[in-house]
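K.L.:
Sequence and predicted structure below; questions after.
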Amino acid sequence: MKELKKDFLWGAGIAANQAEGYTNVDGKGISTADAWPIDKNFDVNNVIEGITMTQEKIAKYLDPVNDYYFPKRNGIGFYKTYKEDIKILSELGLKIFRMSIAWTRIFPNGDEDKPNEAGLKFYENVVNECLKYDIKVLFTLQHNEIPLGIAQNYGGWNNKKVIDFFVNYATSVMKRFKGKVQYWVPFNEFNHLGFDNTAIYDDTKDLVNQSYNAFHNQFVANAKVIKLGKEIDCENKFGTMLGWMLSYPLTCHPLDVLENYKKMQKENYFFADVFLKGEYPWYATDLFNQLKVTLKTTPEELGLIKNYNADFIGFSYYSSGTATYRDDMKVTGGNVAATGVNEYLEKTDWGWQVDPVGLKIAMLDLYDRYQKPLFILENGIGVKEDNPDLKVVNDHYRIKYMKDHIDQIKSAVSEGVECWGYLTWSALDIISFSTHQMSKRYGLVYVDQDDYGNGTKKRIKKTSFEWYKKVIKSNGDTSIKEGL
Ligand code: BG6
């Protein structure tokens, strides 16, 4: 029976816009995430509307007349606390730390020719700090934010000029970290783009068409980054980052099965196929006809996509959903999009259905289709954890969640699937991507801060921290009783 590789990459991650704060220092420009407030009227169980950024919304959010609070401008202050934070994380025995680079720290408006040295220096300090503890770094180049300048002056990723701006940014950082960082993910949860703030829509009526053109431009940018990245350092490895939206037919009624198949194609396989097989799937023409999408491509772009594919299948996995052909489907929350209820599964406080076996299903399915190594880049549970006395949080539910998922990874590996590593989300409590709440906590380390930025920002290791430390040390023994 195959076991986890001896050099299995146990890790944890954060994203710049959810953690760093200090968005107005050392030459950083404003990003779309910094322009995104916490909104009392936001429906946390149906986030699509909230996270689709338009020019109109940006104007409203940035109008000083509207007195919004912008949590991502404060993050958890990681920009200044990175040394202490990485020191704490080093106690886990972490093999790899994933974080994103804020494009706006390197190119404040996104379209400058030369990088901002202070921004590069900051990430160099972070990398050096990790290497000091023998922790590898995986960088995500775009994690749910783009420079506001790119959004406002160019209309975001719908504009082909943005491809070159992004490639210029990526080249600057890949050159700077040559020999130090070898794991790269150009785009986070790429398949969610249509619903997040990386495409900025001029006209929401044409949203679908703009989304797919923005997708295409990012496929091209991804291929160019891989090409240049391999030239800069042949040791560089590039991954997809698919937000895997596993879904089951609600019943075995053939029409439910068909509906679910179409959903899987549209939300997952379509993107994975382009990244990993290098071409649009056979059903793309029909899909574009149905959605009235006119894709603007050139033969040169399609050639790049064909020739430069990802080395590993990076993906996030949090929960699963269901699909039915009927129009009375009961829905619940999910990673970015609401999904159908599955009566066999429990839900988190935000309605995300917890399904560890689904992770194994996703692994088998992905390995079957693409036969490239898998790398689980995000997996975790968002929970409300009130802690007024600043005690150690006994997060036994997180331990259970992680144990059940890691056990499924081991099971998939024992059957022959190749898997490079597992990164939990998140290393520390940070601001939620979708709801902008601090109270939606994912971390192994508690951070004393509320939704409006109040608190001491003190870091306190949770019980899951001690548990994960032992799992890492034993390379995957999840039978440890700590906290359960
Ligand atoms: C993923 C994102 O979608 O899920 C992370 O890559 C995010 O940035 C995580 O934090 C959990 O989602 P949320 O919206 O609950 O923070």
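P.N.:
It's in.
K.L.:
Please report the distance of the nearest residue to I200 once chain neighbours are set aside from the ligand.
P.N.:
Counting by CB to CB, 6 or more residues apart in numbering, G156 is the residue found nearest to I200 once chain neighbours are left out, at 3.6 Å. The way it works is simple: take the backbone N, C-alpha and C, and place the C-beta from them, glycine included. Distance of G156 to the ligand, computed by CB to the nearest ligand atom, to the nearest Å: 18 Å.
K.L.:
what about G156, neighbour count?
P.N.:
Burial of G156 is recorded as 26 neighbouring residues (other CB atoms under 10 Å).
K.L.:
element containing the closest residue to the ligand within the stretch 301-450 of the chain, please.
P.N.:
Here the stretch 301-450 of the chain gets closest to the ligand at one residue, S434, 3.1 Å apart by CB to the nearest ligand atom. If you go by DSSP states H and E, S434 is not part of any helix or strand.
K.L.:
from memory it sits against A338, does it?
P.N.:
No - here S434 lies out of contact with A338, judged by CB atoms under 8 Å, at a distance of 11.4 Å.
K.L.:
between these two, who's got more neighbours?
P.N.:
More crowded of S434 and A338, by other CB under 10 Å: S434, with 22 against 17.
K.L.:
Now do that one, the pLDDT please.
P.N.:
pLDDT, S434: 86.
K.L.:
Same check on M53?
P.N.:
Looking at M53, its pLDDT stands at 75.
K.L.:
cool, and the one 10 residues further on?
P.N.:
Per-residue confidence at D63 stands at 88 (pLDDT).
K.L.:
can you check V44 too?
P.N.:
Value listed for V44 in the pLDDT field: 57.
K.L.:
Just confirm R459 contacts I86, I think it does.
P.N.:
No - counting by CB under 8 Å, R459 does not reach I86; the two are 11.4 Å apart.
K.L.:
where are the low-confidence patches of the stretch 101-250 of the chain?
P.N.:
193-198, 202-204 (pLDDT under 70).
K.L.:
could you redo the last one with a cut-off of 80?
P.N.:
Along the stretch 101-250 of the chain, segments meeting pLDDT under 80 span 192-205.
K.L.:
ranges for the helices of it?
P.N.:
103-106, 117-132, 148-154, 161-176, 207-232 (DSSP state H, counting those that start in this stretch).
K.L.:
elements contacting the last one?
P.N.:
Which is helix 207-232. When contacts are defined as 3 or more CB pairs under 8 Å, 6 or more residues apart in numbering; DSSP states H and E, helix 207-232 packs onto helix 161-176, strand 183-187, strand 237-238, helix 270-277, helix 284-291, helix 299-307.
K.L.:
between those, which gets nearest to the ligand?
P.N.:
Closest approach to the ligand among the helices and strands packed on helix 207-232 (CB to the nearest ligand atom): strand 183-187, 10.3 Å.
K.L.:
Run the chain-centre distance for the closest one.
P.N.:
What separates the centre of strand 183-187 from the centre of its chain is 11 Å, taken as CA atoms, centre = their mean, to the nearest Å.
K.L.:
Make a markdown table out of the helices of the stretch 101-250 of the chain and add distance to Y446.
P.N.:
Shown next, in a markdown table, are the helices of the stretch 101-250 of the chain (distance: least, CB to CB, whole Å):
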| stretch | distance to Y446 |
| --- | --- |
| helix 103-106 | 27 |
| helix 117-132 | 21 |
| helix 148-154 | 32 |
| helix 161-176 | 31 |
| helix 207-232 | 35 |
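K.L.:
Ok, which of those helices comes nearest D273?
P.N.:
helix 207-232 (10.7 Å; CB to CB).
K.L.:
follow-up on the earlier one: pick the most buried one from the helices and strands packed on helix 207-232.
P.N.:
Ranked by mean neighbour count, these are led by strand 183-187 with a mean of 26 (mean count of other CB atoms under 10 Å).
K.L.:
got a list of contacts for that one?
P.N.:
Around strand 183-187, the neighbours that count as contacts under CB atoms under 8 Å, 6 or more residues apart in numbering are 96, 98, 136-142, 170, 174, 193, 218, 221-222, 225-226, 229, 236-241, 314, 377.
K.L.:
and with 6 Å instead?
P.N.:
Among residues not part of strand 183-187, those counted as contacts by CB atoms under 6 Å, 6 or more residues apart in numbering are 138-142, 218, 222, 225, 237-239, 241, 314.
K.L.:
still on that earlier bit, as JSON lines, the helices and strands packed on helix 207-232 with distance to the ligand would be great.
P.N.:
Below are the helices and strands packed on helix 207-232 laid out as JSON lines (distance: least, CB to the nearest ligand atom, whole Å):
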{"stretch": "helix 161-176", "distance to the ligand": "18"}
{"stretch": "strand 183-187", "distance to the ligand": "10"}
{"stretch": "strand 237-238", "distance to the ligand": "17"}
{"stretch": "helix 270-277", "distance to the ligand": "14"}
{"stretch": "helix 284-291", "distance to the ligand": "23"}
{"stretch": "helix 299-307", "distance to the ligand": "23"}
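K.L.:
picking up where we left off before, for the helices of the stretch 101-250 of the chain, state which one has the densest average packing.
P.N.:
Taking mean count of other CB under 10 Å, helix 103-106 is the most buried of the helices of the stretch 101-250 of the chain, at a mean of 28.
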